[in-house]
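Participant: one predicted model, sequence on top.
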Amino acid sequence: MADDLSAPLGRKRGKAAPTGRLSPDKLPLARIAFGLAAVVIVGVVARVVLVNDPDGGRPVTEIGVNRGNNALAKSLSTGKQPGPSPSTVTITAGPEIPASGASVSMVGDEVPDGSPTAASAPTGVNVATANAQGLYPDLLEQSEHGAIPRVASSGQTPFEAYAQPLPQGADDGKPQIAVIVTGLGLNSTGTTAAIQTLPGPVTLAFAPYGKNLGAAVGTARATGHEILLEVPLEPFDYPDSDPGPDTLLTGQAPRDNLNKLYSVMGKFGGYVGVINHMGARFTASTADFGPVMEELGARGLGYVDDGSSARSVAPQLASADTVEFGRADVDIDAQPVKDQILDQLKALEQKATDKGNAIGVISALPVSLQTLADWSKTLESRGFHLVPVSTLMHKTT
């Protein structure tokens, strides 16, 4: 302190001796940051090179697949004898998909290369072997709405597989008549009466709203009846006239209508195709009806137009999508009185005489069923053959 006071003015003091510490403003921060970054990069490269992790750190869980009768296990089959170890399903979160939207990939020796779904219907499966419900597993696709029809891996369609054979002698050149009874499945008494009292060649159309439909349809098929599914379509006065739940509507997105179609399709199986229930507005709209007809063609199903609307574009759409198609010529019980029903049955015979065949539709009312049963007993004696409706349905190009 004394030295400082006695030093001459204007002369600088000498530098202080070093203390061995670095002040904060003298630290080499940039060098430290680069060093840490280099350590991180080296660590990542080392993991990639040294660690065998094909999933790249994505969350993974393995689920054992039960062989037995599990549908997924069947879909993984390649036709080879199974190995000693079970297949597994690995559920992973994709690199750009959050874990809540998981993707599914298959691993294991039994899974073929490519898409795992390619093994769901192996070539050579014999679809002639039906399950306990009389349905062919290779013609069924599992969906959120239940099992719905599809074309088999062999190329066989539900239309071909579920069609009833032509009655013996019915190919002798005499006029052929097909009759479709609609509205079955809603009333157990009427359904039972139709199955038991009508001859096998009469085609039965079931609505998708009844109880125990699978059992009723199975019984009907076992007694020789061909089956159609009724699909509810929008009429012009909807909703005053309401075909029922899952009605396909004009102006809706195609995906919405197709979801409704799948819901209806999943109610039961074993049908050769579908028939409209109402639907004058829907069947007149190419934009709305087109995707539905395209789906029927892709799934190997036929379509019957009940003939109630002259504005229906079903014939044109069926031709464009190579769908087996038929159109009813006569509404037999528009007036559900016995005498008038008999008059319409005579008109049906005349149609068949004029063009070689004819299709009629009739409801499941008691008077209608009884009159139809009595009429059918003497039909062959009048020179006609009663045939399943598939016999009179054709693809047009």
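Facilitator: Looks like it arrived, so ask away.

Participant: could you use CA atoms for every contact and neighbour count after this?
Facilitator: OK.

Participant: so what's the residue count around A215?
Facilitator: Neighbour count of A215, defined by other Cα atoms under 10 Å: 12.

Participant: how about it, secondary structure?
Facilitator: helix (DSSP: H, G, I helix; E, B strand; the rest coil).

Participant: next: I341.
Facilitator: Per three-state DSSP, the secondary structure class of I341 is helix.

Participant: surely it and Q335 touch.
Facilitator: Yes: with contact defined as Cα atoms under 8 Å, I341 reaches Q335; the gap is 7.0 Å.

Participant: the stretch 201-350 of the chain: strands as residue ranges?
Facilitator: For the stretch 201-350 of the chain, the strands defined by DSSP state E, counting those that start in this stretch occupy 203-206, 227-233, 273-278, 302-305, 325-327, 330-331.

Participant: tabulate the CA atom coordinates of the third one in PDB.
Facilitator: Right, strand 273-278. This file holds the C-alpha atoms of strand 273-278, laid out as PDB (Å, rounded to 0.1, in the frame of the first residue of the first chain):
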ATOM      1  CA  GLY A 273     -76.100 -62.600 -53.900                       C
ATOM      2  CA  VAL A 274     -78.300 -59.700 -52.800                       C
ATOM      3  CA  ILE A 275     -81.600 -58.200 -53.700                       C
ATOM      4  CA  ASN A 276     -82.800 -54.700 -53.000                       C
ATOM      5  CA  HIS A 277     -85.300 -53.900 -50.300                       C
ATOM      6  CA  MET A 278     -87.000 -50.700 -51.500                       C
END
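
Participant: and it, what does it pack against?
Facilitator: Counting by 3 or more Cα pairs under 8 Å, 6 or more residues apart in numbering; DSSP states H and E, the packing neighbours recorded for strand 273-278 are strand 227-233, strand 302-305.

Participant: OK, contacts around G279?
Facilitator: When contacts are counted by Cα atoms under 8 Å, 6 or more residues apart in numbering, G279 touches P232, L233, E234, P235, F236.

Participant: so where's the stretch 51-200 of the chain uncertain?
Facilitator: Counting by pLDDT under 70, the stretch 51-200 of the chain shows low-confidence ranges at 51-128.

Participant: stretch 222-239: end-to-end distance?
Facilitator: Taking Cα to Cα, to the nearest Å, the first and last residues of stretch 222-239 lie 37 Å apart.

Participant: give me the buried positions along it.
Facilitator: By neighbour count on 16 or more other Cα atoms under 10 Å, the buried set for stretch 222-239 is G224, H225, E226, I227, L228, L229, E230, V231, P232, L233, E234, P235.

Participant: same deal with stretch 199-212?
Facilitator: Residues of stretch 199-212 classed as buried: P199, G200, P201, V202, T203, L204, A205, F206, A207, P208, Y209, G210 (neighbour count, 16+ other Cα under 10 Å).

Participant: please name the bridge partners of I227.
Facilitator: Beta-bridge partners recorded for I227 (DSSP bridges): L204.

Participant: likewise the one 5 residues further on?
Facilitator: For P232, the residues forming beta bridges with it (DSSP bridges) are H277.

Participant: list the residues that contact it.
Facilitator: P232 is in contact with P243, G244, P245, D246, T247, L248, N276, H277, M278, G279, counting by Cα under 8 Å, 6+ apart.

Participant: one more time with 10 Å
Facilitator: Contacts for P232 were tallied using Cα atoms under 10 Å, 6 or more residues apart in numbering; they are 207-208, 242-249, 260-261, 264, 275-279, 282.

Participant: how about V151?
Facilitator: Residues 121, 138-141, 157-161, 297-301 are the ones in contact with V151 under the rule Cα under 10 Å, 6+ apart.

Participant: helix, strand or coil for it?
Facilitator: Put simply, V151 is coil when judged by three-state DSSP.

Participant: would you turn the buried residues of stretch 222-239 into a markdown table with pLDDT and distance to V151?
Facilitator: Listed next are those as a markdown table, based on pLDDT from 0 to 100; distance: Cα to Cα, whole Å:
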| residue | pLDDT | distance to V151 |
| --- | --- | --- |
| G224 | 96 | 23 |
| H225 | 98 | 22 |
| E226 | 98 | 18 |
| I227 | 98 | 17 |
| L228 | 98 | 17 |
| L229 | 98 | 17 |
| E230 | 98 | 20 |
| V231 | 98 | 20 |
| P232 | 98 | 23 |
| L233 | 98 | 24 |
| E234 | 98 | 28 |
| P235 | 98 | 30 |
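
Participant: pull the number of nearby residues for A132.
Facilitator: Per other Cα under 10 Å, the neighbour tally for A132 reads 8.

Participant: look up how far P158 lies from the closest residue to H145 other than its chain neighbours.
Facilitator: Excluding the flanking residues, the one nearest H145 by Cα to Cα, 6 or more residues apart in numbering is S263, at 5.1 Å. Remark: distance between S263 and P158 (Cα to Cα) = 18 Å.

Participant: neighbour count winner among those two?
Facilitator: Applying other Cα under 10 Å to S263 and P158 shows that P158 carries more neighbours, namely 26 against 19.

Participant: identify the residues contacting the more buried one.
Facilitator: 135-136, 138-140, 149-152, 269-273, 299-302.

Participant: go again using 7 Å as the cut-off
Facilitator: P158 makes contact with L139, P149, R150, V151, V272, G300, L301, according to Cα atoms under 7 Å, 6 or more residues apart in numbering.

Participant: how near is it to D305?
Facilitator: 18 Å.

Participant: can you check V181 too?
Facilitator: Taken as Cα to Cα, the span from V181 to D305 is 13 Å.

Participant: look at the two and report which has more neighbours.
Facilitator: For V181 versus D305, neighbours defined as other Cα under 10 Å are more numerous around V181 (25 against 22).

Participant: out of the helices and strands packed on strand 273-278, the one nearest L365 is which?
Facilitator: Nearest to L365 among the helices and strands packed on strand 273-278 is strand 227-233; the distance by Cα to Cα comes to 16.5 Å.
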